[in-house]
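Chemist: structure of the sequence below:
(chains A and B)
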Amino acid sequence: MVYEGKKNFFIKYMILIVILGVVVIISACLGAVKISLHDTILIFASKIPVIKNSVDLSTINSNNESILLTLRLPRILMALLVGSGLSMCGAVFQGIFKNPLADPYILGISSGASLGAAIAIAAGTQALFLGFGLISISAFIGAFIVMFLVYFIAKAGGKLITNTLILSGVAVSFMCQSFISLLIIASKENTTRIVFWTMGSMTSANYTKLLVMLPIIFLGFLLLMSFSKDINILSSGDETAVSIGINVNKVKLLLLSLCSLITALSVAFCGVIGFVGLIIPHAVRLISGPDHKNLIPLSALAGAIFLISCDTLARLLLAPTEIPIGAITAVFGAPFFIYLLVKSKRKVFL
Amino acid sequence: MSLVIDNLHFSYGSTEVLKGVSSYFENSTFYAIVGPNGCGKSTLLKCLYGYLSPGEGTIKINNHNIMKMSHRKRAMNISYVAQSNEISFDFAVKDIVAMGRNPYISRFASLSDTDISHIHDALEKTSMTELKDKSINELSGGEKQRAFIARALAQDTEIILLDEPVSMLDINHQIEIMDTVKSLSLNHHRTIIAVLHDLNLASLYADCVILMNKGSIHSIGSSSKVLTKENINSVYKTEVDIYDTVEGMPRFIVPKARI
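Modeler: Here you go, the predicted model:
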């Protein structure tokens, strides 16, 4: 909606794109097997259509190529997609709920997914369906059931009222959490797996999952961008939004469904990764201002950078043991967030 | 422009708040809607711009039923300034005012030169030009309210609705806002429909006062005709003294203390 001064945004986008590229390459180099920067760049270049013929891979260990392309790259790309998805959804949720504390999990989607996953883990299933683990599928179903439940509870009075939506999300979330606790008690041998799953991990990333995530994140991004003006206006409140020509119920429903789908898929594939959807939009708002036209894409870029970095740390810090990525995002995210708040001295937090 | 409401009914659950309200609003006129708390003033306003759908009755602008209009089309005809506007994020004043152009901008388009000139014009008319780059959250109550009036003005509608626009302001800012609003009807041919609690402000500024009681219009007309001792006593259950200045000029209403 900003009608003057687009000047500095190009530079901000370029800086984040360059940082993203650097983080992707560094993350690919690091791991149990160190691959040199030179080799990493050559291997990546060999997969780029226009220049691949001029790349000579004869000097490169074929194991390194395999580690890079089958193990590390899907993980990095998954972190990229999930980080952007959660961050842009966080920005949208904060905008439409007019609440700086909102995050993609505010409607209980993460609890629904966790319950779905916990049920599948407790049932001891390792089965695959169309290339996806039944745990992921069960988590996705759990997320969707919760989404519809929360929506129908909130819609019971006729109008989709924001506070009722958040409260029904909290109530359903608590209900799911208590079922998870019961499952943990009933299925003691699976406790660790359930707890680890709920803390998030990129270990199960593969190209099949990426093929599902990519179009949804990409189309979701385009759709959210096309509604950026509406989200700006919605952050002034429903009454005002209606008077300025926004079909509030329809727009809210569309945006909530879309963000819930992205969140549900992220949680189903990677578990619950907290903090990204909350802090990234806040941090980005300090450099982009509140206009969602810039806030959404810059959050997507920053979220990707943040999550790839956190996943790299999750792999390296206690190698060969892997730390759940949710623990890393919180440990590094919270102090960074506090630093930003103190440094900015701007009123962005309640 | 003609705005006609006919037999408007609205209920919150089983409580009927509007009980068959009918009225006609003329162009370039300042209407003040007054009445005790809970009489249905704000509900009527919310029905007028489509936030609430009346259970029965019609609202027509130039013979078109507003409930059958698209949200955008409706927003090109009626704008609204809410009683309190909490903006959670630090939008600049110019961005808040620019939001008023939303009904005229397609989803993927940016602001046109016409839009920008409307925004500058609105900032000018509300004396907000100097503050246009400030964050809305850094403004005083009066400045904030002027920014939201500027947004309604940028919306370029013939009808502007205001819900208690000065209820939280000191006397200086009250007069400043009311002067701004009055000039819109006097000099810029806007129809103003404002819910007011202060009967003296209604008397001072409104061309026509609508006194509501228990979901219906009790009386409608000039302030000298509507704001009488008898009407006020009957609706507010309060004794008042009324002082007329000069014939035809605004009258002043002073409530009598009960102790």
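
Chemist: in stretch A:327-338, what counts as buried?
Modeler: By neighbour count, and taking 16 or more other Cβ atoms under 10 Å in any protein chain shown as the criterion, the buried residues in stretch A:327-338 are A:Ala327, A:Ile328, A:Thr329, A:Ala330, A:Phe332, A:Gly333, A:Phe337. For the C-beta atoms, the positions are set from N, CA and C on the backbone; glycine is no exception.

Chemist: pick the one among the residues you listed closest to chain B.
Modeler: Closest approach to chain B among those (Cβ to the nearest Cβ): A:Phe337, at 16.8 Å.

Chemist: I'd like the distance between the closest one and B:His189.
Modeler: Here the criterion is Cβ to Cβ, to the nearest Å. By it, A:Phe337 lies 51 Å from B:His189.

Chemist: and for A:Met225?
Modeler: 38 Å.

Chemist: neighbour count for those two, which is higher?
Modeler: Counted by other Cβ atoms under 10 Å in any protein chain shown, A:Met225 and B:His189 do not tie: A:Met225 has more neighbours, with 18 against 12.

Chemist: and that one, what is it in contact with?
Modeler: With contact set as Cβ atoms under 8 Å, 6 or more residues apart in numbering or on different chains, A:Met225 has these partners: A:Lys293, A:Ile296, A:Pro297.

Chemist: helix or strand next in line after the helix or strand where it lies, which one?
Modeler: Using DSSP states H and E, A:Met225 sits in helix A:207-226. If you walk from helix A:207-226 toward the C-terminus, the next helix or strand you reach (DSSP H and E) is helix A:228-234.

Chemist: against which helices or strands is that next one packed?
Modeler: Of the remaining helices and strands, those touching helix A:228-234 by 3 or more Cβ pairs under 8 Å, 6 or more residues apart in numbering or on different chains; DSSP states H and E are helix A:73-96, helix A:238-243, helix A:248-270, helix A:292-316, helix B:93-99.

Chemist: now the third one against helix A:292-316, angle please.
Modeler: Right, helix A:248-270. 20 degrees (axes from the mean of the first three to the mean of the last three Cα atoms, to 10 degrees).

Chemist: close to chain B: what parts of the stretch 201-350 of chain A are there?
Modeler: Applying Cβ under 8 Å from any Cβ of the partner chain, we find that the stretch 201-350 of chain A lies next to chain B at A:226-227, A:229, A:232-233, A:235-240, A:242-247, A:285, A:289-291, A:346-348.

Chemist: filter the residues you listed down to the buried ones, PyMOL style.
Modeler: Here is the PyMOL selection string for the buried members of those, based on 16+ other Cβ under 10 Å:
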select buried, chain A and resi 227+229+232+233+235+236+237+238+239+240+242+243+244+245+246+285+289+290+291+348
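
Chemist: what about the closest residue in space to B:Ser223 that isn't next to it in sequence, neighbour count?
Modeler: In this structure, B:Ser223 finds its nearest non-sequential neighbour in B:Ser203, 4.1 Å apart by Cβ to Cβ, 6 or more residues apart in numbering or on different chains. Each residue near B:Ser203 was counted by other Cβ under 10 Å, and the total is 23.

Chemist: write out the residues of the stretch 1-150 of chain B neighbouring chain A.
Modeler: Of all the residues in the stretch 1-150 of chain B, those lying near chain A are B:46, B:49-51, B:71-72, B:74-76, B:78-80, B:82, B:85-92, B:94-96, B:98-100, B:102-103, B:105, B:107-108, B:110-111, B:115-116, B:119, B:137, going by Cβ under 8 Å from any Cβ.

Chemist: out of these, which sit inside helices?
Modeler: Among those, the residues falling in helices (DSSP state H) are B:46, B:71-72, B:74-76, B:94-96, B:98-99, B:115-116, B:119.

Chemist: nearest residue to the middle of the chain?
Modeler: You didn't say which chain, so I picked chain A. Here the mean C-alpha position of chain A is nearest to the C-alpha of A:Leu86 (Cα atoms, centre = their mean), at a distance of 2.7 Å.

Chemist: please go with chain B instead
Modeler: Closest-to-mean residue, chain B, Cα atoms, centre = their mean: B:Leu162 / 2.1 Å.

Chemist: list the contacts for residue 64?
Modeler: No chain was given, so I picked chain A. With contacts defined as Cβ under 8 Å, 6+ apart, the neighbours of A:Asn64 are A:Val33, A:Ile35, A:Asp39, A:Ile43.
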